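# Give the three-dimensional model of this entry:
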Amino acid sequence: MKKTEGGVTAPKGFKAAVCAANIKYKDRTDMAFLFSETPCVCAGTFTSNVVKAACVQWDMEIVSSGRGMHGVVVNSGIANACTGEEGFRACEITAKAAEEKLNVPYNTIATASTGVIGMQLPVDKLKAGVYEMSGKLSDSKEAGTEASKAIMTTDTVNKETAVSMEIGGVTVTLGGMSKGSGMIHPNMCTMLGFLTTDLAIEKALLQEALSDVVKDTFNMISVDGDTSTNDTLLIMANGLAGNPVIDTKGEDYEIFKEALYTICRYLARTMAGDGEGATKLFTAHVIGAKTVADAKALARSIISSNLSKAAIYGCDANFGRFLCAMGYSGVNFNQEDVELFFESEAGELKVFDHGVPLAFDEEYATKLMSEKEVIVRVHMNEGDGEAEAWGCDLTYDYVKINADYRS
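Numbers count the residues shown, from 1 in each chain. As a prediction, this is how the structure comes out:
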């Protein structure tokens, strides 16, 4: 496996386009279209929030139907959530505009939206946007990059990546893009994400690989404890690489799954580090828990704690906050077995050792915690369970951004 330039247009047969539809934002592109002329095997994971946006329900039907998927139209600015029948009509109008221009069945076009909840989408602008984008679809690297920018809301950087690998004697490519900065908490994939590959694979195995990888990547991030109404992760596989179809688990399946994990982990970490108002990526690495499930629960609890996040922002090595978060995680452990370290590019500092606080240099601790990524590493000394979770610091700007998000 090796890193490849670009994102969703890196695999064969995938094209992208963007436009400025002026749905909410007046100074930037706000619609993206990702398309494959060859119908794709598709899989997806979606929000566990009971309040699901119209586009989520639209996409869930497409994925469960077994139909091939030709593409997805994404808009930013308005979420199309809590919008009733009019919200479903917006999905249908969007998809039928693609059918009209590209001669593919409308029920093979997914839709995705992100932005303000409770506002109706301007369907005339959506339709005009699809018309415009259908005429300028491109497989260039730049087209994929522009698509990753058009789906941003409060994100400060676009998020895309791609890798290639050898499967069945041919080169297979996997690309991805995502957006997510707020309303992010582990309970499915916590964002909008779109993955493309020219791999040939059966649908059931594609779904299984995606669902497994999500557990250790997108479900291990948190920004603010809020699980969105719009969380959608879709993967499309058009088979144009020409590899023998993966229809059983084996070496080829594992190679693809490792690449899928690499892509999803990168996007998840990038989203966590770009949380609303954030200045740092905050990583919790739990080692030696009784089980992997325990390690995951402990790591998620550490990075989800507002007090822990505030300490990371303030460069305060207040280890009690992290131990406290572990204590209410639901995991039963003996605090007398625990060791706790702070790490960053500036070095490593052990602050708690088997139930006993250690004296440490506060000035060095501040320097260590001032880096762009701060890691809290915890040794439980109880077993072989290990997990990582990713979040960000909690800053004044988070409140400012969300106090006037709608207005």
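# Looking at this structure, which strand is longest?
In terms of residue count, the longest strand belonging to the chain (DSSP state E) is strand 31-46.
# Show the average pLDDT along that strand.
What strand 31-46 shows for mean pLDDT is 97.
# What residues sit buried inside the helix or strand following it?
As assigned by DSSP states H and E, the chain's next helix or strand after strand 31-46 is helix 54-65. By neighbour count on 16 or more other Cβ atoms under 10 Å, the buried set for helix 54-65 is 54, 55, 56, 58, 59, 60, 62, 63. Where C-beta positions appear, they are placed from N, C-alpha and C, glycine not excepted.
# Wait, the fifth one touches residue 236, no?
No. Checked against Cβ atoms under 8 Å, the pair residue 59 and residue 236 is beyond contact range at 11.6 Å.
# Give me the common contacts of the two.
With contacts taken as Cβ atoms under 8 Å, 6 or more residues apart in numbering, the residues that reach both residue 59 and residue 236 are residue 72.
# List the contacts of residue 348.
Contact partners of residue 348, counting by Cβ under 8 Å, 6+ apart, are 341, 342, 368.
# Where strands are concerned, which of these count?
Among the contacts of residue 348, DSSP E puts 341, 342 in strands.
# could you redo the contacts of residue 348 as JSON lines and give each row distance to residue 21?
Formatted as JSON lines, these follow (distance: Cβ to Cβ, whole Å):
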{"residue": "341", "distance to residue 21": "49"}
{"residue": "342", "distance to residue 21": "46"}
{"residue": "368", "distance to residue 21": "46"}
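# re earlier: same list (the buried residues of helix 54-65) but as JSON lines, adding pLDDT and distance to residue 385.
Listed next are the buried residues of helix 54-65 as JSON lines, based on pLDDT from 0 to 100; distance: Cβ to Cβ, whole Å:
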{"residue": "54", "pLDDT": "95", "distance to residue 385": "40"}
{"residue": "55", "pLDDT": "95", "distance to residue 385": "37"}
{"residue": "56", "pLDDT": "94", "distance to residue 385": "32"}
{"residue": "58", "pLDDT": "97", "distance to residue 385": "38"}
{"residue": "59", "pLDDT": "97", "distance to residue 385": "34"}
{"residue": "60", "pLDDT": "96", "distance to residue 385": "32"}
{"residue": "62", "pLDDT": "97", "distance to residue 385": "37"}
{"residue": "63", "pLDDT": "97", "distance to residue 385": "32"}
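# can I have whichever strand or helix holds residue 302 written out in CSV, keeping just the CAs?
Under the criterion of DSSP H and E, residue 302 resides in helix 292-304. Below are the C-alpha coordinates for helix 292-304, written out as CSV (Å, rounded to 0.1, in the frame of the first residue of the first chain):
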residue,chain,number,x,y,z
VAL,A,292,-10.4,-4.1,23.8
ALA,A,293,-14.0,-3.0,24.6
ASP,A,294,-12.7,-1.7,28.0
ALA,A,295,-9.8,0.1,26.3
LYS,A,296,-12.2,1.8,23.8
ALA,A,297,-14.6,2.9,26.5
LEU,A,298,-11.7,4.4,28.6
ALA,A,299,-10.2,6.2,25.6
ARG,A,300,-13.5,7.6,24.5
SER,A,301,-14.3,8.8,28.0
ILE,A,302,-10.9,10.6,28.2
ILE,A,303,-11.3,12.6,25.0
SER,A,304,-15.0,13.3,25.5
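# Just to check, residue 25 is in contact with residue 76?
Yes. Using Cβ under 8 Å, residue 25 is in contact with residue 76, at 7.0 Å.
# Helices of the protein, start to end?
Taking DSSP state H as the criterion, the chain contains helices spanning 54-65, 84-102, 123-134, 141-150, 203-216, 251-273, 292-304, 306-313, 319-327, 362-368, 396-403.
# Format those as JSON lines; extra columns: distance to residue 353.
Output for the helices of the chain, formatted as JSON lines (distance: least, Cβ to Cβ, whole Å):
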{"stretch": "helix 54-65", "distance to residue 353": "47"}
{"stretch": "helix 84-102", "distance to residue 353": "55"}
{"stretch": "helix 123-134", "distance to residue 353": "58"}
{"stretch": "helix 141-150", "distance to residue 353": "44"}
{"stretch": "helix 203-216", "distance to residue 353": "29"}
{"stretch": "helix 251-273", "distance to residue 353": "28"}
{"stretch": "helix 292-304", "distance to residue 353": "18"}
{"stretch": "helix 306-313", "distance to residue 353": "19"}
{"stretch": "helix 319-327", "distance to residue 353": "11"}
{"stretch": "helix 362-368", "distance to residue 353": "15"}
{"stretch": "helix 396-403", "distance to residue 353": "33"}
